[in-house]
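In: Model the following, please.
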Amino acid sequence: MQQTSETAHRLRARTFTCMGTVISLTVPTDSHKAPQAAADELEAATAVVERLFTELDSIFSLYRNDSEASRLVRGELALAEASDEMRARYEEAAEWRLLTEGAFTPERPDGALDLSGIVKGHAIREAGMSLLALGMANWCLNAGGDVLVSGSPSPGTATPWRAGIVDPWDRRTLLAGFPLGGGLLGEKTDDGGSRVALATSGSAERGDHIWSVTAGPAEFRQVSVAAGDVVTADVLATAIVAGGVPMLNRATAMWDIEALAVRANGDLLATGGFRR
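Out: Residues are numbered from 1 along each chain as shown. Next up is the predicted model:
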């Protein structure tokens, strides 16, 4: 079911469920448009996003017996015979495995192919490009806590969107907030970069679904990464959970990101952007 909401900041949102999570598209109300026209535009944009997520889910979901991913796991289909979309995402995931020295991997511990670690980020990325193609400059797309933004909640200003990070020990409490965007997606800011994406990985929301590559228990219960693109943020958040402090150090040295990591004992490790 889709729902419409309007906040004190005159934001309007539509939501739908796909890939086992809730996806929301939020846009600021355009005062120059008739209310019904603005609502229709948001409805149409949400339909485009939902169709994209649904199509990718039909290919990559391991919870659907008829998906291409499930056929690969059962051995009914070889990767070389798979669709262009499947092979492209595998190649992207394999590249990330090399870049993270195995902390991020497209295979489960039993060797089965599982691209769920990159598919949601890819879906958000593609949805963002579709929204820009529709002429929408100001929006916030949130898929289960992984966020991509463009523009501002106050069009015509540099006011950023503000993403909240939930406390893994108390899901009713926000641990931190982080400003995203302020400029159009794809544009560079005065300092040469822009944080338009935030992704969070860990065991607090979905249990221990990330395969650790370190000896012993996982060092981090939750990791959030802000970056200039959503796939980088999503992949590195997962890789840091899997790889612990060594991967956190590698990620912050190699990529232009900000990170907030929650240790298993509750202590926090944060880069300068999060500390500010």
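In: can we go C-alpha only for contacts and neighbour counts from here?
Out: Noted.
In: the strands in this protein, which residues?
Out: 5-6, 11-18, 21-28, 139-143, 146-150, 161-167, 170-180, 197-202, 220-227, 258-263, 268-270 (DSSP state E).
In: Which strands border the last one, and is each parallel or antiparallel?
Out: By that I understand strand 268-270. Taking DSSP bridges as the criterion, strand 268-270 forms sheet pairs with strand 258-263 (antiparallel).
In: hang on, I124 packs against L148?
Out: Yes. Using C-alpha atoms under 8 Å, I124 is in contact with L148, at 7.1 Å.
In: These two - which one has more neighbours?
Out: L148 (33 against 25; other C-alpha atoms under 10 Å).
In: Residue most distant from the centroid, this structure?
Out: What lies farthest from the middle of the chain is A34; by C-alpha atoms, centre = their mean that is 32.2 Å.
In: For it, grab phi and psi.
Out: phi -60, psi 140 (degrees, to the nearest 10).
In: so how far is E92 from it?
Out: 43 Å (C-alpha to C-alpha, to the nearest Å).
In: try N249
Out: 22 Å.
In: From T26, how far off is N138?
Out: 9 Å.
In: Those two: which has the busier surroundings?
Out: Shown here are N138 and T26; by other C-alpha under 10 Å, N138 has more neighbours (25 against 22).
In: which residues are common contacts for I124 and L148?
Out: Common neighbours of I124 and L148, counting by C-alpha atoms under 8 Å, 6 or more residues apart in numbering, are 141, 230.
In: thinking again about what came up before, among the strands of the chain, which comes closest to E55?
Out: The closest of the strands of the chain to E55 is strand 11-18. By C-alpha to C-alpha, the value is 10.1 Å.
In: which neighbours does the closest one have in its sheet, and in what orientation?
Out: strand 5-6 (antiparallel), strand 21-28 (antiparallel).
In: winner for burial among these?
Out: strand 21-28 (a mean of 20; mean count of other C-alpha atoms under 10 Å).
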